[in-house]
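Colleague: need the 3D shape of this:
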Amino acid sequence: METVKGYIEHIIYRNADNGYTVLNLISGEDEITCVGFFKTMDQGETIEAEGDYITHPVYGEQFKIERYQIVPPDDTVSIERYLGSGAIKGVGEALAARIVKRFGADTYRIIEEEPERLAEVKGISERKAREIAVTVYEKRDAREAMTFLQKYGISNTLAIRIYESYGTNLYGILKENPYQLAEDIQGIGFKIADEIAAKIGIHTDSDYRIRSGILYTLMLAGGEGHCYLPQDILLKKAGELLGLEPSVMEPHLGNLAMDKKLVIKRPAEKEAECRVYAATYYYAELNCAKMLHDLNVSVSGDLLPSEENGIIAKIDQIEKELEIELDELQKKSVEECVKNGIFILSGGPGTGKTTTINAIIRYFLSEGMDIYLAAPTGRAAKRMTEATGYESRTIHRLLELNGVVSEGAKTARFERNEENPLETDVIIVDEMSMVDIFLFQALLKAITVGTRLIMVGDVNQLPSVGAGQVLQDIMNSGRFPMVILEKIFRQAGESDIVWNAHRIHAGEEPVLDNKSKDFFFLERSDTNVIYKHMIQLITGKLPSYVGARPYDIQVLTPMRKGKLGVETLNGILQRYLNPASEQKKEYVSGDVLLREQDKVMQIKNNYQLEWEVVSKYGIPIDKGTGIFNGDIGIILQINEYAHEVVVEFDEHRRVTYTYAQLDEIELAYAVTIHKSQGSEYPAVVMPLLSGPRMLFNRNLLYTGVTRAKSCVTILGSRKTLQEMVNNNYQNRRYTGLTDRIRELIPQ
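Modeller: Below is the predicted model:
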């Protein structure tokens, strides 16, 4: 690592969000192009920096700064250059020259120690002298804070976030409770805070550390889909994280509950199972149960016989208009929607959910009612629009997700809420199995009593990526009207995808004789052979067979790791589906090579990311915020100069990522079956050889097969496939929405 010292002549580029900066540094007779992350540097300042020289493929030699400190200018030329650079508000080149002429080499000391003397210079009032001093003090505070944080190995990027959040209060916070950083600052989790605490000298059995570790364990559990953890499991997991015995941590649960960080529930029927919630998860469940209770308005008992007959007659009329024939369960579904404020419609593929939804829509439209259609993802909303002929939106767009700036920080909120509810009579939400507890809470807040809520989904799908299992818990509560469709209709029955999906769900082996037109099984035991056939299918046979582009054909796999896991498959598929070219720019993010025209997926919800839709002339015609876990797009541009990557997602939404944000996307030629929920692809290719029993189960196979619209091809082991069908194991999710509903709505 080398050291350079000089003054900043010109800042060429700076990203306002993350501080990534390109600048020219004058060091003696040399002019050096420097790059790094820093917001506290200004033109004219003198810095001493450590780093290494690197060679950029386009811009040549650069000095990549790892650590730096701003040092006071040490000669009159440097002082005048700094003051006249614009770094000090209200001081230009002419005034800087007069200040230095008056005070010479003593200028910097005068500004810091005797700022009132600046009024001796023509053109500077006492008030302006104080303003100049305040600006210098602020910059000195920032400089000292950055130097202090760097002592503890904190990167420039994190140091900027810490200083912007706490200012000069950071010294006390780091000394007393560095774990507060994990709660207050996005991007700093428990592990980073724990590393900082260790360097500062915080003891491993510190109360702050234990409490932060418990909360972090619950946060990790939320990422795995749980809303709470049984106390013994929580203490075991937290103990493994902290390296402490459960008995040491148990007393802190009560303190965290008193601080309203935790909620501890002990169900009456299970005295031994003490459930520990992070407070936000518990109140999300409780709020959802309360709002469902309020929306559950029934008019069944108030209907006259003539009104009952009128409903039946209208359904008969709708059948004639749509030229359909509803079975008894489908007719019952329409009736229940009319009579109740809440209704759940469930069923597997081919059981007539879409036909039923269309009949429900037609009924309410004939009554002059307004209807909103929604789904959790853009792809699911698009499918709903195509199936019904009516506009469907993502739940986030329905609730008008909006990015706002508050106290200098960028956040996001739903504009539709209890104070500004949705103005409609009926809301139909498809793919409800994908909806997590927090999104459901946001949706319910925007629905007024009297509005009908109809929830549609296949409860046999995998649960949501986020915390909770909302659809299943509501159905398990037994407190709301619902219909589960079971009959497979003739047209759907012609599809072997549908028949085999139902066989899998019933624990029966799918038909694998390859006489089907849409369901194929190729027994292969060598991973290299599987790679070969996979590429042949995607690039050669399947596109013309299903009338789609190779880009639209999706490889689905149960795993992330291993020879047939997402990470390995994406590297192989990228090589053949989007090979390297001089016309395509590349960037290595972590262990992943990203290339222009790559297919990528967003892997975490980011409510602050801004997107825009542009016309063919490059003019923005729509914009918004929020890109979500599972959204798939294509890399349009890699800007090596600005360190940015432009990705276009569904509905032509373009997002610009900084290099520092690229941990939010990954290649998506292959995705896990779990991530594919809510999506439908023209053709699906599934490699299945071997894997952990708890992952290779019936539920996962069923979900993967039902993602295909026209063709499923499974490559791998017949034995593994049989074992998956026979394995009905499902990871238990610790959720309490069923209990909250039953507490509020007695049987």
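Colleague: need the contact list for the closest residue to residue 137 other than its chain neighbours.
Modeller: Nearest residue to residue 137, sequence neighbours excluded (C-beta to C-beta, 6 or more residues apart in numbering): residue 112, at 7.6 Å. Using the backbone N, CA and C atoms, a C-beta is placed for each residue, glycine as well. Neighbouring residues of residue 112 by C-beta atoms under 8 Å, 6 or more residues apart in numbering: 133, 136, 137, 140.
Colleague: distance check, residue 112 against residue 141.
Modeller: To residue 141, residue 112 is 12 Å away according to C-beta to C-beta, to the nearest Å.
Colleague: cool, and residue 628?
Modeller: The gap separating residue 628 from residue 141 is 39 Å, by C-beta to C-beta.
Colleague: of those two, who's got more company?
Modeller: Counted by other C-beta atoms under 10 Å, residue 628 and residue 141 do not tie: residue 628 has more neighbours, with 23 against 14.
Colleague: so who does the more buried one touch?
Modeller: Going by C-beta under 8 Å, 6+ apart, residue 628 touches 377, 396, 602, 605, 606.
Colleague: hang on, the earlier thing: which parts of the strand or helix carrying the residue nearest to residue 137 are buried?
Modeller: Using DSSP states H and E, residue 112 maps to helix 107-113. For helix 107-113, burial by neighbour count (16 or more other C-beta atoms under 10 Å) applies to 107, 108, 110, 111.
Colleague: now it: average pLDDT?
Modeller: The pLDDT scores in helix 107-113 average 79.
Colleague: as a whole number, average confidence for the helix or strand following that helix?
Modeller: Next helix or strand after helix 107-113 toward the C-terminus (DSSP H and E): helix 126-150. For helix 126-150, the mean per-residue pLDDT is 76.
Colleague: who are the packing partners of helix 126-150?
Modeller: Applying 3 or more C-beta pairs under 8 Å, 6 or more residues apart in numbering; DSSP states H and E, we find helix 126-150 packed against strand 60-71, helix 107-113, helix 156-166, helix 170-176.
Colleague: neighbouring contacts of the first one?
Modeller: Contact partners of strand 60-71, identified using C-beta under 8 Å, 6+ apart, comprise 1-2, 4-5, 25, 32-36, 38, 40-41, 45-56, 139, 143, 146-147, 150, 156.
Colleague: any idea how far it is from the chain center?
Modeller: Mean-position distance between strand 60-71 and its chain equals 33 Å (C-alpha atoms, centre = their mean, to the nearest Å).
Colleague: buried residues of that strand, list them for me.
Modeller: Buried residues in strand 60-71, counting neighbours by 16+ other C-beta under 10 Å, are found at 62, 63, 65, 67, 68, 70.
Colleague: before we move on, what about stretch 680-697?
Modeller: By neighbour count on 16+ other C-beta under 10 Å, the buried set for stretch 680-697 is 680-691, 695-697.
Colleague: tell me who's in contact with residue 619.
Modeller: Neighbours of residue 619 in contact, by C-beta under 8 Å, 6+ apart: none.
Colleague: for the remainder of this discussion, apply numbering that starts at 375.
Modeller: Fine by me, first position is 375 from now on; the one you just mentioned is residue 993.
Colleague: what pLDDT does the model give it?
Modeller: You'll see residue 993 listed with a pLDDT of 86.
Colleague: from what I can see residue 711 touches residue 737, true?
Modeller: Yes - here residue 711 reaches residue 737: they are 7.4 Å apart, a contact under C-beta atoms under 8 Å.
Colleague: those two: which is more packed in?
Modeller: Taking neighbours as other C-beta under 10 Å, residue 711 and residue 737 compare with residue 711 leading, 26 against 20.
Colleague: just the CA trace of the helix or strand harbouring the more buried one, in CSV.
Modeller: Using DSSP H and E, residue 711 sits in helix 702-713. Included here for helix 702-713 are C-alpha records, laid out as CSV according to Å, rounded to 0.1, in the frame of the first residue of the first chain:
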residue,chain,number,x,y,z
GLU,A,702,-71.5,-26.1,-7.7
LEU,A,703,-68.3,-24.9,-5.9
GLN,A,704,-67.7,-22.2,-8.4
LYS,A,705,-71.3,-20.9,-8.0
LYS,A,706,-70.9,-21.1,-4.3
SER,A,707,-67.8,-19.0,-4.5
VAL,A,708,-69.6,-16.2,-6.4
GLU,A,709,-72.5,-16.3,-3.8
GLU,A,710,-70.1,-16.1,-0.9
CYS,A,711,-68.3,-13.1,-2.4
VAL,A,712,-71.7,-11.3,-2.7
LYS,A,713,-72.7,-12.2,0.9
